[in-house]
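> Sequence isn't available, so here's the structure alone:
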């Protein structure tokens, strides 16, 4: 459809617009006190937000990768918790985790926000979900006597309407289905949600017979990027590693992702998590053996790609996996890192 702009006399279509017309729109927004550029969704991880100049932006596709057990889902859930606790909306497309597992993690995470390191641990929260654990009929009652447990449930109740959980399935949940869910959330809440996909290689590709795994990943990553741009929202997708990236003592990089050529090109931001012990230079271990145990408690988050700013930045965050979270402050890695260790213990 072609429209004649009354103030400028310029012809525009649904996708075509002159720079002059766009400049006029920008000035109108600024005069109204509204944001004219990309909206920013802070992750709540202080060092990361600083490196990304505020956080994730509308229209961006962000990939999070790393070896198994390094906290990719933990990071994504913690980002969502931080956003919805600050009055944002989020939707979690989960191809791997049941809703009760997500709730267990959020309770432990919230308890840590309230009570710090002494907050009720995840394993104790999980006990509260078991049928034979006590006679109490509610989660709140079953967590009485724990550090921060009751307060955590109450805090979650205060913002639970802003987090939407979608039990996704690799046989039918494609990007178009995600779009419909996002549209429904926007209509119901009036807010643009932050989108998490866990994980990318599980997203359904219609009529994918004959496509290789890399080709399917290409289709999905391109569609997710289009979705982010068209709906002006950030999409954070967890991605799986190729076998080459899972070897002990190896630092995972972009080339180790399954479908790596498309996964390296399409996203705006690529974050890769590695165990700090696996990626520090050898001298930090052989001259101080105590460093080995200490380094295992940290994850190195590398900004491998950042289309809108600095990249090749190595950050570190302390693991608090017993509470289903990371310490969000973090900082820059001061030790020398290498691409691949020459020995494995």
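Sure, I can see it. Owing to the predicted nature of the structure, the values given are computational and were not obtained by experimental measurement. Numbers count the residues shown, from 1 in each chain.
> Next, name the residue at the spatial heart of this structure.
In the chain, the C-alpha nearest the mean C-alpha coordinate belongs to residue 76, at 3.4 Å (C-alpha atoms, centre = their mean).
> Touching, that one and residue 63? I think so.
No. Between residue 76 and residue 63 there is no contact under C-beta atoms under 8 Å: 11.1 Å. Every C-beta, even on glycine, is put in place using the N, C-alpha and C of the backbone.
> Which residues are in contact with each of these two?
The contact sets of residue 76 and residue 63 overlap at 236, 238 (C-beta atoms under 8 Å, 6 or more residues apart in numbering).
> Relative to residue 302, how far out is residue 44?
19 Å (C-beta to C-beta, to the nearest Å).
> Revised request: answer the last question for residue 97.
From residue 97 to residue 302 the distance is 25 Å (C-beta to C-beta).
> more neighbours, these two?
residue 302 (25 against 16; other C-beta atoms under 10 Å).
> Could you look up the SS state of that one?
strand (DSSP: H, G, I helix; E, B strand; the rest coil).
> can I assume it is in contact with residue 272?
Yes. Counting by C-beta under 8 Å, residue 302 does reach residue 272; the two are 4.9 Å apart.
> Kindly check the end-to-end length of stretch 151-166 for me.
26 Å (C-alpha to C-alpha, to the nearest Å).
> Other residues contacting that stretch?
Contacts of stretch 151-166 (C-beta under 8 Å, 6+ apart): 80, 84-85, 87-94, 99, 102-103, 106-111, 113-115, 119-120, 139-140, 143, 173, 178, 181, 185, 189, 191, 193.
> And the helices in this protein?
For the chain, the helices defined by DSSP state H occupy 19-31, 46-51, 72-85, 99-115, 122-128, 139-142, 149-159, 175-189, 213-231, 260-265, 276-279, 283-286, 290-296.
> Emit the ChimeraX select command for whichever of the contacts of stretch 151-166 are buried.
If you want just the buried ones from the contacts of stretch 151-166 in ChimeraX, going by 16 or more other C-beta atoms under 10 Å, the selection is:
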select :80,84,85,88,89,90,91,92,93,94,102,103,106,107,108,109,110,111,113,114,115,119,120,139,140,143,173,178,181,185,193
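> Any regions of this protein where pLDDT drops low?
Counting by pLDDT under 70, the low-confidence segments of the chain come to 1-14, 29-30, 32, 34-37, 132-135, 209, 242-249, 339-345.
> could the helices of the chain be laid out in TSV, adding distance to residue 310?
As requested, the helices of the chain are arranged in TSV below (distance: least, C-beta to C-beta, whole Å):
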stretch	distance to residue 310
helix 19-31	26
helix 46-51	6
helix 72-85	20
helix 99-115	29
helix 122-128	34
helix 139-142	43
helix 149-159	32
helix 175-189	30
helix 213-231	21
helix 260-265	17
helix 276-279	19
helix 283-286	24
helix 290-296	24
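> To residue 40, which of these lies closest?
helix 46-51 (8.8 Å; C-beta to C-beta).
> Same question for the closest one: list its buried residues.
46-49, 51.
> ok, so of those, who is nearest residue 169?
Nearest member of these to residue 169, counting by C-beta to C-beta, is residue 48, at 30.9 Å.
> ok, that closest one touching residue 301?
Yes. Contact criterion C-beta under 8 Å: residue 48 and residue 301 qualify, at 6.8 Å.
> Need the overlap of contacts for those two.
By C-beta under 8 Å, 6+ apart, the residues touching both residue 48 and residue 301 are 271, 315, 330.
> beta partners for the first one?
Think residue 271. In this entry, residue 271 is beta-bridged to residue 64, residue 303, by DSSP bridges.
> Over to the second one?
Partner residues in beta bridges with residue 315, using DSSP bridges, are residue 301, residue 332.
> so what's it up against?
Counting by C-beta under 8 Å, 6+ apart, residue 315 makes contact with 47-48, 51, 300-303, 330-333.
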